[in-house]
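Asks: predicted coordinates and the sequence they were generated for:
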Amino acid sequence: MPTTIAIVDDHRLFLEALVDLVRKFDGYEVLYVAKNGRDLLEQIHQSYQVPDLALVDLHMPVMDGFETTAQLRQLYPAVRVLILTISDRKEDRVHAVRQGAQGYLYKGLPPDQIRRAMDTIMTEGFYFPSLPTVVRNGQQPQSTKQGQTSTFNLTEQELEFLRLACSQLTYQEIANRMAISLPTMDMCRASVFTKLNVRTRVDMVLKGIGHGLIDEW
């Protein structure tokens, strides 16, 4: 049976183009086309058919992509969510993961990359191309936070830095909060990057969330 798809976007031209594109993919069937999250939830409620995968824009009126993702994960946990957006803000990416998105993709990519993202989410459960490890729903895995800390050999100072980095604080402000100098904070950051095997602040945050190293911020 084909994988059923819901597509949610308030930009009509992009929505129509994406629907046409997905309909050309073998093994996929467009089940719902919605202009916002509330529209999608109403359609699902009326038809009693739950899609396998939802392609969701972030910034929409009535119900945006963050709330749509959260509602889908709560009401229909089997639905996998791929965010498809123009936003490259790290705050949006992290928030989407915390709401339950299993993938994050930028609009304007070639069709084969969109197809690869859809295939990967359905086979592996997630798609974060810049993230080298599994992130599942932004939720803490079965192992404990202490166990994950031991796995990565993070010190208490490095854990504090990781928690503060999951905010909009600048690195100087993080150093001030930690009561250390900026060069010392830079060394702490470099150590965390190495231990987590990441290259950017965004990927560090996503990995921290995915492995349960961060409770909240």
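Replies: Thanks, I have it.
Asks: now the helices for the protein?
Replies: Secondary structure of the chain by DSSP state H: the helices cover 12-23, 37-47, 65-75, 90-99, 111-124, 145-152, 156-165, 171-178, 182-196, 201-210.
Asks: how many residues are close by the residue nearest to Ile44 when sequence neighbours are not counted?
Replies: Ranked by CB to CB, 6 or more residues apart in numbering and with sequence neighbours excluded, the top spatial neighbour of Ile44 is Val50, at 6.2 Å. Where C-beta positions appear, they are placed from N, C-alpha and C, glycine not excepted. By the criterion of other CB atoms under 10 Å, Val50 has 17 neighbours.
Asks: now Val50: phi and psi?
Replies: phi -100, psi 130 (degrees, to the nearest 10).
Asks: now the residue positioned nearest the centre of the chain: how far from Asp9?
Replies: The chain has Val97 as the residue nearest its centroid, 3.1 Å off, counting by CA atoms, centre = their mean. Distance from Val97 to Asp9, counting by CB to CB, to the nearest Å: 20 Å.
Asks: domain assignment for the chain?
Replies: Per automatic domain parsing, the structural domains of the chain span 3-124, 145-210.
Asks: out of those, which one sits most buried?
Replies: domain 3-124 (a mean of 18; mean count of other CB atoms under 10 Å).
Asks: got the phi/psi numbers for the residue in the chain sticking out farthest from the centre?
Replies: Distance to the chain centre peaks in the chain at Ser181, reaching 32.5 Å (criterion: CA atoms, centre = their mean). Backbone torsions for Ser181, taken as degrees, to the nearest 10, come to phi -80, psi 160.
Asks: any idea which of the helices of the chain scores lowest on pLDDT?
Replies: Ranked by mean pLDDT, those bottom out at helix 145-152, with a mean of 56.
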